[in-house]
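Colleague: Just a sequence and a predicted model for now, questions to come.
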Amino acid sequence: MRYDVCVIGGGIHGVGTAQAAAAAGYSVLLLEAKTLGYGASSRSSKLIHGGLRYLETGEWALVREALHERELLLRIAPGLVQRMPFLIPVYLGARRGPRTLRAGLGLYALLAGLRRSARFSVWPRSAWDRLDGLATRDLVAVFRYFDAQTDDRALTEAVARSATTLGAEILCDTRFERATLAGRGYCVEFSGTRQGTAQCLALVNAGGAWAPEIAGAIEAGPPPPPVALVQGVHILGPGQLARGIYYVEAEDGRPVFAMPHPEGILVGTTETAHTGPADQAVPTADEISYLERTYRHYFPGCPWTTMSAVAGLRVLPANGPVGGRFRGARVVLGANGRSAGIYGGKLTTYRLTSGRVLARLRPRLPRRTALADTARLLLAPPP
């Protein structure tokens, strides 16, 4: 089997790269060891957003890009991405007071282009009793703005379907073993449901939390940058949130979301350094308790029983405090220009990251006739 591009990993960045390459007219093979979206792409906070809190660390360019992509995804994936109201309650003694939030939300709206949907408002005090049981003692203000929500696995699968429609071949339950230099490209070995070898001109490591491990099996591939794996846990409990997504401040000052979910209420996330193998990411009792305390503190009259909990791993730069590390994707190119690795990145900006990977590899790829523009390809839920 011969391909222009081989992609390793079936998360959002892997299927996004496969879609981008297929749309550009290249022949594509994607290998996924388990199922599409198995890792963080099915265990995220399921938000399509600009990243309001990234303004605190000065990542304005990332926020602007993400806000642009949020609007694009609302247009091309209307059945998968929905605009949602977000509510930020502010209490006496909060780390981020009303003035700080008003300034931050104003800047957020400015970076979004000041469109009507980007404007924020203050929820009237007379209607606080309609906020899903939110605690009102010492409540000073409630801000309301809009971002978006998705089903992360469903979005990943929709991008994969788009890639296959454009001619990409996707093999799940197929484990990448190694890649060795062969002529003007690579010989890729794989095993599992399908086993064998494939020839490709360019190789992309989109393994997510497994990317550093995969990098060691690629001859002359790009060495992984210094990264850390950070675990994020979400818990699911019974109930309903009718007013939208609540953006609250946990006991340590970290932001936590309480979100509507088809099966109840989803609460997350944590940020805990993970030092073991990527396959061994599991929610800890402390993380579950932390999220339960946060929910009960803000919704004291609403009973909570954790029905399930999931842990996902994010890839972040190794330097700096967990909460203050850059959240954008880093694309690393191999010395031969025929292999690239993706480290980190946001669900919201997967399309931009995928395009940048392809742009880095394009000098080593033959000329092809483009078939489509990913900014215009509609993404639909499963039939």
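Modeller: Arrived safely, thanks for sending.

Colleague: Let me see the backbone angles for the most centrally placed residue in the chain.
Modeller: For the chain, the residue nearest the mean C-alpha position is residue 347 (2.6 Å; CA atoms, centre = their mean). The phi and psi torsions at residue 347 (degrees, to the nearest 10) take the values phi -50, psi -40.

Colleague: One more: residue 6?
Modeller: phi -120, psi 130.

Colleague: Make sure it is actually in contact with residue 202.
Modeller: Yes. Residue 6 lies in contact with residue 202 (CB atoms under 8 Å); the separation is 7.4 Å. C-beta: built from backbone N, CA, C; applies to glycine.

Colleague: Please identify which helix or strand holds residue 108.
Modeller: helix 98-111 (DSSP states H and E).

Colleague: Look up how far residue 351 lies from the residue of the chain most remote from its centre.
Modeller: For the chain, the residue at maximal distance from the C-alpha centroid (CA atoms, centre = their mean) is residue 126, at 36.6 Å. Going from residue 126 to residue 351 by CB to CB, to the nearest Å gives 42 Å.

Colleague: before we move on, the earlier item: would you mind checking the average pLDDT for the helix holding residue 108?
Modeller: The average pLDDT within helix 98-111 is 92.

Colleague: other SSEs contacting it?
Modeller: helix 60-76, strand 81-91, strand 139-150 (3 or more CB pairs under 8 Å, 6 or more residues apart in numbering; DSSP states H and E).

Colleague: Make a markdown table from those and add mean neighbour count, distance to residue 288 and mean pLDDT to it.
Modeller: Formatted as a markdown table, the helices and strands packed on helix 98-111 follow (neighbours: other CB atoms under 10 Å; distance: least, CB to CB, whole Å; pLDDT from 0 to 100):
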| stretch | mean neighbour count | distance to residue 288 | mean pLDDT |
| --- | --- | --- | --- |
| helix 60-76 | 19 | 29 | 95 |
| strand 81-91 | 19 | 23 | 96 |
| strand 139-150 | 20 | 22 | 96 |
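
Colleague: where along the stretch 251-383 of the chain do the helices fall?
Modeller: Using DSSP state H, counting those that start in this stretch, the helices of the stretch 251-383 of the chain run over residues 285-298, 350-361.

Colleague: which one of those helices is the most hemmed in?
Modeller: The highest mean neighbour count among the helices of the stretch 251-383 of the chain, using mean count of other CB atoms under 10 Å, belongs to helix 350-361: a mean of 22.

Colleague: can I see the domain layout of this structure?
Modeller: Split into domains by automatic domain parsing, the chain comes to 2-41+153-226+326-364, 84-149+227-322.

Colleague: Just the C-alpha atoms of stretch 155-162, please, in PDB.
Modeller: Only the C-alpha atoms of stretch 155-162 are listed here, as PDB (Å, rounded to 0.1, in the frame of the first residue of the first chain):
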ATOM      1  CA  LEU A 155     -17.300  15.700  16.400                       C
ATOM      2  CA  THR A 156     -14.200  13.500  16.100                       C
ATOM      3  CA  GLU A 157     -16.200  10.800  14.300                       C
ATOM      4  CA  ALA A 158     -17.800  13.400  12.000                       C
ATOM      5  CA  VAL A 159     -14.500  14.800  10.900                       C
ATOM      6  CA  ALA A 160     -13.300  11.200  10.300                       C
ATOM      7  CA  ARG A 161     -16.400  10.500   8.100                       C
ATOM      8  CA  SER A 162     -15.600  13.700   6.200                       C
END
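
Colleague: where does the stretch 251-383 of the chain dip in pLDDT?
Modeller: Along the stretch 251-383 of the chain, the model assigns pLDDT under 70 to residues 320-327.

Colleague: ok, now which ones touch residue 312?
Modeller: 39-40, 42-44, 231-232, 234, 281 (CB atoms under 8 Å, 6 or more residues apart in numbering).

Colleague: which of these lies closest to residue 272?
Modeller: Nearest to residue 272, judged by CB to CB, of the contacts of residue 312 is residue 231 at 4.6 Å.

Colleague: Is the closest one in contact with residue 313, as I believe?
Modeller: Yes. Residue 231 is within contact range of residue 313, at 5.8 Å (criterion: CB under 8 Å).

Colleague: Could you name every residue contacting both of the two?
Modeller: Common neighbours of residue 231 and residue 313, using CB under 8 Å, 6+ apart, are 274, 281.

Colleague: which one of those two has more residues nearby?
Modeller: Shown here are residue 231 and residue 313; by other CB atoms under 10 Å, residue 231 has more neighbours (24 against 21).

Colleague: contacting residues around the more buried one?
Modeller: 270-274, 281, 287, 311-314.

Colleague: How about residue 281?
Modeller: Applying CB under 8 Å, 6+ apart, the residues contacting residue 281 are 209, 229, 231, 274, 311-313.

Colleague: Distance to residue 213 for the contacts of residue 231 - can I get that in a markdown table?
Modeller: Listed next are these as a markdown table, based on distance: CB to CB, whole Å:
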| residue | distance to residue 213 |
| --- | --- |
| 270 | 23 |
| 271 | 22 |
| 272 | 20 |
| 273 | 17 |
| 274 | 13 |
| 281 | 14 |
| 287 | 24 |
| 311 | 18 |
| 312 | 17 |
| 313 | 12 |
| 314 | 16 |
